[in-house]
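Visitor: one predicted model, sequence on top.
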Amino acid sequence: MLKLTILLIALSTFSLVSYSQRMCENAKIEFSDLNLEKGKKVTIVSAFKTDEGYVVLKKEPIRGPGGWHYFLENFDHDLNSVSLHDISEQFENDDYVIGQVMKVKNSYVLFSTKQIPESRKEDLYVQKFNWQDNELSKPERIYSQPYEGRKRGINYNLGSSQDENFLLITIHPPSTGREKEKMIFKVMDENIEEIWSEENVELDEEDRTYSILQTTLGNNGAIYILGRKFRPRDRKAGVKRGPDEYEIVAITDEGQETTPLKLDNKLIDNISLFASENGEIFVGGYYRVEDGVGIDGIFLYTLNKKTGEIENEISDAFSKEFITEGWSERRVNKAKKKEDKGTDLGLRNLEFRRIVSHDDGSTSMVGEVFYITTHTYTNGSGGTTTTTTYHYTDLIISRISKEGEVMNHARYPKHHTYYGAYIYFNLNNELAIILNKSRIPLLDGDEKEMSKIEKKKNGGDALTLIQISENGETRSSGIIDYKNPEYIRFERYKRIAPDSFVIEENGKTEVLLKTYYGKGRFGIGRIIFE
């Protein structure tokens, strides 16, 4: 096993360069490779912290017949591997088709299906896996449906509350196409006991197309659905496609409540549903003016945790100065000429990513400018090659006070990350972002005045911490300089998986990173901010 561990108290100077560097103070960092036991690729199913250290559930593909080998690896507080358990026999059974593994509190829950040919039924089972004694409970059937011919397979989705105390199973029973689609919801606790369920839930409407954009489970066990509907186009009847309409459906053990989402004289362009760790429910995104093509501002709803009704509504327009920030004079003049002719001057390709809660009760709305370009090349023989490029550029951050007032809009021009991978979180009441970028901006020298030789000598990447204050001011500092001979081997960990997570306890902020570096190799890393 390749084992790498690093303990770093930053604020260092390096002999490789003649410039001093801005490094993060008091950041403790550790990395570790995950063992490869059977194959050449490994996938992290889940990772979480315990009193003894960390537990990672991983799987490796079985060559030939297919399927997975499952392993449970335990790490101590310094990310040293303590034990490794092959639990494949418990997870793989000829009679069951393994589905998904979910985490509820300190246990894993395994879902599987099994066909009963004699009764022509298919059953959905759930089992609880106790990582402490490496035992899997007996399968418990929670749902059954008949099948005909080749139409087999239970269509279900899984989710959990932010505090991981509750589990949500959403089942879509088969329909004939003549009847409305119905859903079944089951909410279970950490002991895999059903708290409550709701069957035959209908959201479709007679004359409108309905689609569920997001579903989330609150810390109180309530289900929230973000839905979109529109009237489809009918050429024969001369009916044009109707505008998109959005709504929140809150489902509890007491019933179902629907709340329409509307913005006066504005059109919703991008919308998402979020549940915060403390149980707050938000719906937010971006809007554009009618007949506009760009994004003109933000909106944010705070919902009642029980009914889903709107308790607080915020909207705010981006200023023209903010939209054109960083533009060249030529581009600004060109855009203003188009605006004079009626073309909207708004932000383009902005995707709403997440809401981050801060210590003072304020929140940050984080958006990312994301777009895709495709290029097709034709050679002399007539063969074509198509290349698709994913562009992850500026982050747009809107800070909103506890009282519901927009404090500022800020822009961080990150330009790109590796596969768009980065993590952001609250740190000392600021929005913190960890990503890999060029190390040159961390040097005290002026990059514009550096010669080509100096840029080449000082080039390379650094794991960087970006901090954006409540006033929108941005500063950056290094966490790891990969050019330092002592740490260059950790450059392989620079691709951060988006499902890394943050733990705040005992006055410290701990970031547990899932990292990867090609060919299915994963590692875990930890950064503790004192």
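Guide: Cool, the structure landed.

Visitor: show me the strands in the stretch 301-450 of the chain, by range?
Guide: All strands of the stretch 301-450 of the chain, identified by DSSP state E, counting those that start in this stretch, fall at 310-317, 350-357, 363-378, 384-400, 406-412, 423-427, 430-438.

Visitor: typed the wrong thing, it's the stretch 1-150 of the chain
Guide: Here the stretch 1-150 of the chain has its strands, by DSSP E, counting those that start in this stretch, at 27-33, 43-49, 54-61, 68-75, 81-86, 97-104, 107-116, 121-130, 135-136, 140-146.

Visitor: quick check: can you name the pairing partners of the last one and their directions?
Guide: This means strand 140-146. The pairing partners recorded for strand 140-146 under DSSP bridges are strand 121-130 (antiparallel).

Visitor: which parts of the strand it pairs with are buried?
Guide: Neighbour counts using 16 or more other C-beta atoms under 10 Å place 122-129 of strand 121-130 among the buried residues. Quick note: C-beta positions are derived from backbone N, CA and C, even for glycine.

Visitor: again, but for stretch 405-416
Guide: Within stretch 405-416, the residues that qualify as buried are 406-412, 414, counting by 16+ other C-beta under 10 Å.

Visitor: need these in CSV (columns: distance to Pro485 and pLDDT).
Guide: Shown next, in CSV, are these (distance: C-beta to C-beta, whole Å; pLDDT from 0 to 100):
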residue, distance to Pro485, pLDDT
Val406, 47, 94
Met407, 44, 94
Asn408, 42, 93
His409, 42, 94
Ala410, 36, 92
Arg411, 36, 90
Tyr412, 31, 89
Lys414, 27, 80
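
Visitor: please name the nearest non-neighbouring residue to Gln115.
Guide: Counting by C-beta to C-beta, 6 or more residues apart in numbering, the nearest residue to Gln115 once its immediate chain neighbours are dropped is Glu122, at 5.0 Å.

Visitor: ok, what's across the strand from that neighbour?
Guide: What pairs with Glu122, by the bridge criterion (DSSP bridges), is Gln115, Gln145.

Visitor: tell me the contacts of it?
Guide: Each residue near Glu122 by C-beta atoms under 8 Å, 6 or more residues apart in numbering is listed here: 113-116, 144-147, 152-154.

Visitor: model confidence over stretch 233-241, on average?
Guide: pLDDT averaged over stretch 233-241 equals 77, rounded to a whole number.

Visitor: for that stretch, list the C-alpha coordinates in PDB.
Guide: Extracted as PDB, the C-alpha positions of stretch 233-241 are listed here (Å, rounded to 0.1, in the frame of the first residue of the first chain):
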ATOM      1  CA  ARG A 233     -47.700  23.500 -27.800                       C
ATOM      2  CA  ASP A 234     -50.500  22.300 -29.900                       C
ATOM      3  CA  ARG A 235     -50.000  23.200 -33.600                       C
ATOM      4  CA  LYS A 236     -53.400  21.800 -34.700                       C
ATOM      5  CA  ALA A 237     -55.300  23.900 -32.200                       C
ATOM      6  CA  GLY A 238     -53.000  26.900 -32.700                       C
ATOM      7  CA  VAL A 239     -51.900  26.900 -29.100                       C
ATOM      8  CA  LYS A 240     -48.400  28.200 -28.300                       C
ATOM      9  CA  ARG A 241     -46.300  26.700 -25.600                       C
END
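
Visitor: pull the residues that contact it.
Guide: Stretch 233-241 is contacted by residues 230-232 when judged by C-beta under 8 Å, 6+ apart.

Visitor: mind putting the residues you listed into JSON lines with secondary structure and neighbour count?
Guide: Output for those, formatted as JSON lines (DSSP: H, G, I helix; E, B strand; the rest coil; neighbours: other C-beta atoms under 10 Å):
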{"residue": "Phe230", "secondary structure": "strand", "neighbour count": "14"}
{"residue": "Arg231", "secondary structure": "coil", "neighbour count": "15"}
{"residue": "Pro232", "secondary structure": "coil", "neighbour count": "11"}
